[in-house]
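Q: predicted model and sequence below, questions to follow.
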Amino acid sequence: MHTQLQDKKEFAVGVEVNLEGKIALITGASSGLGSRFAKVLAMGGAQVVLAARRIDRLKELRAEIEAEGGAAHVVALDVTDYASIKSAIAHAETEAGPLDIVVNNAGVSTTQRLVDVTPEDYDFIMNTNLKGAFFVAQEAAKRMIQRAKGDPKRQHRIINIASVAGQRILPQIGVYCMSKAGAIHMTKAMAVEWGKYGINVNTICPGYIETEINADHFNSEHGKKLIDMLPRKRVGQPQDLDGLLLLLAADESHFINGAVISADDGMTAQ
Ligand code: NAD
């Protein structure tokens, strides 16, 4: 139905996300969600910087993106190594240009009871999921803040990938849950401190999403039982996060800051 209101520009609805001219860095882009996030942002028009340790896989992804007409760069990054973070972000900006969007996606987990967690397990998870994500965001934000001082209208986005596990406790992955809860609070702290520089920092909390690391598990007897307990008895696919990612990356989300948004098919609402 066409109404008179639609003829007035101020009432027009229908927003097309356009990331042309934006440069987005995605950590842990060598597999799973990170690889999908990179493709989606590239399809949205952004130049993407693929950052992870497995360079061969990043080069394959770059070729796929370029074959679809997108622009992609590859940088080596180990988020547990501060020097690597600094050099990866410097390299990204030299090669692609100033970063507008950072997707803090790299993450790891181990499965065990809390009483069995060793200091090495603890550091492995926390150093990647929380400390690593913090220093990636900090290094990017330092540069974003400098640019914002010269151009206060400039918009930046940091999107932290937490998890439902940051909002509720899932069995056998207690330290992972702690790290993701930390990532949620980290998001809010960054949003409060950096919002005035036009840096919006938000968190996506995915529910169970089938990726190569968990596909076998979801097909096992235990995995099937777990799926049976979910509200709609299904797990998600990486593309189920496309819409939310694009929204948080786009200029149109300029009033969303410090948000913790679940994309879990109702899991945390149960
Ligand atoms: P994945 O294992 O395929 O992806 C994790 C990526 O992080 C990999 O590419 C890995 O190489 C990279 N990585 C790990 N340590 C790194 C390091 N030190 N430096 C650089 N890169 C490193 O798993 P995924 O399912 O795609 O997970 C992506 C993110 O989504 C993680 O943060 C995970 O916690 C989160 N998440 C996943 C699910 C799910 O069900 N798949 C649900 C909620 C949250």
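A: Sure, I can see it.
Q: nearest spatial neighbour of the closest residue to the ligand within the stretch 101-250 of the chain, skipping sequence neighbours?
A: Residue nearest to the ligand within the stretch 101-250 of the chain (Cβ to the nearest ligand atom): Gly107, separated by 2.2 Å. The C-beta positions use only the backbone N, C-alpha and C, and glycine is treated the same way. Once flanking residues are discounted, Gly107 sits nearest to Asn129: 5.0 Å by Cβ to Cβ, 6 or more residues apart in numbering.
Q: which pLDDT does the model give the one you found?
A: Note for Asn129: predicted pLDDT of 98.
Q: burial of the closest residue in space to Phe135 that isn't next to it in sequence, as a residue count?
A: Of all residues not flanking Phe135 in the chain, Ile85 sits nearest, at 5.1 Å (Cβ to Cβ, 6+ apart). Number of residues near Ile85 (other Cβ atoms under 10 Å) recorded here: 23.
Q: ok, so what distance separates Ile85 from the ligand?
A: For Ile85, the distance to the ligand equals 9 Å [Cβ to the nearest ligand atom, to the nearest Å].
Q: give me the distance between the strand or helix carrying that residue and the centre of its chain.
A: Taking DSSP states H and E as the definition, one finds Ile85 inside helix 82-95. Mean C-alpha position of helix 82-95 versus that of the full chain (Cα atoms, centre = their mean, to the nearest Å) differs by 18 Å.
Q: any buried residues in it, and which?
A: For helix 82-95, a neighbour-count test (16 or more other Cβ atoms under 10 Å) marks Ser84, Ile85, Ala88, Ile89, His91, Ala92, Glu93 as buried.
Q: can you pull the contacts of the residue nearest to the last one when sequence neighbours are not counted?
A: On the basis of Cβ to Cβ, 6+ apart, the spatially nearest residue to Glu93 that is not a chain neighbour turns out to be Leu99, at 6.2 Å. Contacts of Leu99 were listed using Cβ atoms under 8 Å, 6 or more residues apart in numbering, and they are Ile23, Ala24, Leu25, Val49, Ile89, Ala92, Glu93, Ala140, Arg143, Met144, His156.
Q: neighbouring strands - and their directions - for whichever strand in the chain runs longest?
A: Longest strand in the chain, counting residues (DSSP state E): strand 199-206. Paired strands of strand 199-206, with direction, are strand 156-161 (parallel), strand 260-263 (parallel) (DSSP bridges).
Q: that strand: what's the following helix or strand?
A: Counting by DSSP H and E, the next helix or strand C-terminal to strand 199-206 is helix 215-219.
Q: any idea of the mean pLDDT for that following helix?
A: Averaged across helix 215-219, pLDDT comes to 90.
Q: residue numbering should commence at 24 henceforth.
A: Got it, the first residue is 24 from now on, which makes the last one we talked about helix 238-242.
Q: need the residues of this structure near the ligand, please.
A: Listed as neighbours of the ligand in the chain under the rule Cβ under 6 Å from any ligand atom: 50-51, 53-57, 75-77, 100-103, 128-131, 151, 155, 184, 186, 229, 231-232, 234-237.
Q: swap in 5 Å and give it another go.
A: For the chain, the residues in contact with the ligand (Cβ under 5 Å from any ligand atom) are 51, 53-56, 75, 101-103, 128-131, 151, 184, 186, 229, 231-232, 234, 236.
Q: which parts of whichever helix in the chain runs longest count as buried, going by neighbours?
A: Ranked by residue count under DSSP state H, the longest helix found in the chain is helix 197-217. Neighbour-count burial for helix 197-217 flags 197-207, 209-211, 213-214, 217 (criterion: 16+ other Cβ under 10 Å).
Q: export it as PDB, just CAs?
A: This file holds the C-alpha atoms of helix 197-217, laid out as PDB (Å, rounded to 0.1, in the frame of the first residue of the first chain):
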ATOM      1  CA  GLY A 197      33.000 -22.900  32.900                       C
ATOM      2  CA  VAL A 198      36.100 -20.900  32.100                       C
ATOM      3  CA  TYR A 199      34.800 -20.200  28.600                       C
ATOM      4  CA  CYS A 200      31.600 -18.900  30.200                       C
ATOM      5  CA  MET A 201      33.700 -16.700  32.400                       C
ATOM      6  CA  SER A 202      35.700 -15.300  29.500                       C
ATOM      7  CA  LYS A 203      32.500 -14.500  27.500                       C
ATOM      8  CA  ALA A 204      30.900 -12.900  30.500                       C
ATOM      9  CA  GLY A 205      34.100 -10.800  30.700                       C
ATOM     10  CA  ALA A 206      33.700  -9.900  27.000                       C
ATOM     11  CA  ILE A 207      30.200  -8.600  27.600                       C
ATOM     12  CA  HIS A 208      31.300  -6.300  30.500                       C
ATOM     13  CA  MET A 209      34.400  -5.300  28.400                       C
ATOM     14  CA  THR A 210      32.000  -4.200  25.600                       C
ATOM     15  CA  LYS A 211      30.100  -2.000  28.000                       C
ATOM     16  CA  ALA A 212      33.300  -0.400  29.500                       C
ATOM     17  CA  MET A 213      34.500   0.400  26.000                       C
ATOM     18  CA  ALA A 214      31.200   1.700  24.900                       C
ATOM     19  CA  VAL A 215      31.100   4.100  27.900                       C
ATOM     20  CA  GLU A 216      34.700   5.300  27.400                       C
ATOM     21  CA  TRP A 217      34.900   5.500  23.600                       C
END
